[in-house]
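K.L.:
below are the sequence and a predicted model; questions follow.
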Amino acid sequence: MTSRFAQRLTGGLIIAAGAALAVFLVDGRLDGAAITLVGGIAVLLAAIGTREDSPPPVPAEDADGSVLVREVLDAIVEPVLLVRAGTVTFGNGAARALLGSHIVGEDVRVAIRHPAAADRLASSAPASDRPVELVGLGSPDQRWEMRTGNASDGARIVHLIDQTGNYAAERMRVDFVANASHELRTPLASILGFIETLTDEAGDDAAVRTRFLKVMFDEARRMQRLVEDLISLSRIEAEKYRLPAETVDLALLIADVRSELLDAAGDRARDVVATIDPGVAGIVGDRAQLSQMLHNLIGNAMKYGRAGTPVTIRLAADRANTIRLSIADESEGIAPEHIPRLTERFYRVDAGRSRSLGGTGLGLAIVKHIAERHRGRLDIASRVGVGTTVSVTLPAAEAMSSKGNADVTQARV
């Protein structure tokens, strides 16, 4: 008998005896008191015996631990496998979607068909913290990180982590730094070279000095434009998920931009023709960014279009609650294979011609990010030998007010 049982029994006997004494004093009969005492002891023993002998109830969620574990693993969005003796005994939904529903019951090296994973999966040594990189699993451009661990019952846990987005972002960062460095290094080297030449021998010749200084000035302006575009792109990206607040009349903004171009670009700006449908609704936007977008698109059409040919701006209602802005030129056009990459930073169809015309390679990247911030879509259509049309579809002010903080619509290019 345990001490706990003895304590309960002693306390119960005292209570039963007290009850029997009370019955005797009130009733005056000894047999009634005895019956009360015996009955109390019987009830006490039954209650204590039940509490001591009955096992604790098993919680419903622990009755079948394997079912609970499978439910938890299925809720994980990344692929997870359970492996016993080299055979896959369970794969969650993400694993079956990636590797196929047939993987359960297969050798794990067959389920994950990748040379880099074979050695780790075949090894019976304790799991290593070092991840294994898997390139091309699922699709050629996907990159996964495989980590393994050991469960207490001897099962091996295989966890696949998708690193495709991180790798793409890192490659973009590396390419961006390399391209920006190259774009800045070229004019800087030119400026330093001319300064050295002027210092050594050509400084006394007024004509040579004037020509060199003009080249140096042009190269410095080129670096200035590049730095300004980089700063602008950085600001636009920082505000990507912040909705603009002011209502902008695109028709008036087009007129203002056209006037600015007439003052700055001379004869070529006179080829800019605007066709604006009456009654086009305003949009909710950032006026400065929309002005920059128009300057970039119209400026590209003026630079790359044939001299004397029109640059046509068209503003019209597209579909319900959307407005379509199009800028078309008559140029040599762009081959189809280049169009998907035109909004990449520093991508140029003809790098030499672009630089000679003062381009930084960031204009369309800026346009794309401005369109995305305004929940719009950028489309580029071109025919070789005919010309190019760049269109931006934007939601009208009424649509933006009802849409609220909706997700960003990605540009098509």
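P.N.:
Good, I have the coordinates. Note that the structure is predicted; figures quoted are calculated from it, not measured. Numbers count the residues shown, from 1 in each chain.

K.L.:
so for stretch 326-333, mean pLDDT?
P.N.:
Average pLDDT, stretch 326-333: 93.

K.L.:
how distant is the helix or strand harbouring residue 196 from the center of its chain?
P.N.:
Residue 196 is part of helix 164-197, with elements assigned from DSSP states H and E. Between the mean C-alpha point of helix 164-197 and the mean C-alpha point of its chain there is a distance of 25 Å (CA atoms, centre = their mean, to the nearest Å).

K.L.:
next: stretch 103-115.
P.N.:
Mean C-alpha position of stretch 103-115 versus that of the full chain (CA atoms, centre = their mean) differs by 30 Å.

K.L.:
try stretch 94-111
P.N.:
Centroid separation for stretch 94-111 versus its chain: 28 Å, with CA atoms, centre = their mean.

K.L.:
and the closest residue to residue 114 other than its chain neighbours, what does it touch?
P.N.:
Leaving aside its chain neighbours, residue 114 sits nearest to residue 134 (4.9 Å; criterion: CB to CB, 6 or more residues apart in numbering). For glycine as for every other residue, the C-beta is placed from the backbone atoms N, C-alpha and C. Listed by CB atoms under 8 Å, 6 or more residues apart in numbering, the contact partners of residue 134 are 112, 114, 116, 117, 143, 144, 145, 146, 160.

K.L.:
helix or strand right after whichever helix or strand residue 134 is part of?
P.N.:
Using DSSP H and E, residue 134 maps to strand 132-135. Remark: after strand 132-135, the chain's next helix or strand is strand 143-150, criterion DSSP H and E.

K.L.:
give the buried residues for the next helix or strand after that next one.
P.N.:
Where DSSP H and E defines the elements, the next helix or strand beyond strand 143-150 is strand 156-162. Neighbour-count burial for strand 156-162 flags 156, 158, 159, 160, 162 (criterion: 16 or more other CB atoms under 10 Å).

K.L.:
beta-bridge partners for the third one, please?
P.N.:
In this structure, residue 159 has the following beta-bridge partners (DSSP bridges): residue 80, residue 147.

K.L.:
put the alpha carbons of stretch 87-104 into CSV.
P.N.:
Listed in CSV are the C-alpha atoms of stretch 87-104, where the atom choice follows Å, rounded to 0.1, in the frame of the first residue of the first chain:
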residue,chain,number,x,y,z
THR,A,87,13.2,3.1,-48.4
VAL,A,88,10.8,6.1,-48.5
THR,A,89,8.0,5.3,-46.0
PHE,A,90,6.4,8.7,-46.2
GLY,A,91,6.5,11.8,-48.4
ASN,A,92,4.4,14.9,-47.6
GLY,A,93,2.3,16.6,-50.3
ALA,A,94,5.1,18.9,-51.4
ALA,A,95,7.5,15.9,-51.9
ARG,A,96,4.9,14.0,-53.9
ALA,A,97,4.2,17.1,-56.1
LEU,A,98,8.0,17.5,-56.8
LEU,A,99,9.1,13.8,-57.1
GLY,A,100,5.8,12.0,-58.0
SER,A,101,3.2,10.2,-55.9
HIS,A,102,5.0,6.8,-56.6
ILE,A,103,8.0,7.6,-54.3
VAL,A,104,6.5,5.9,-51.2
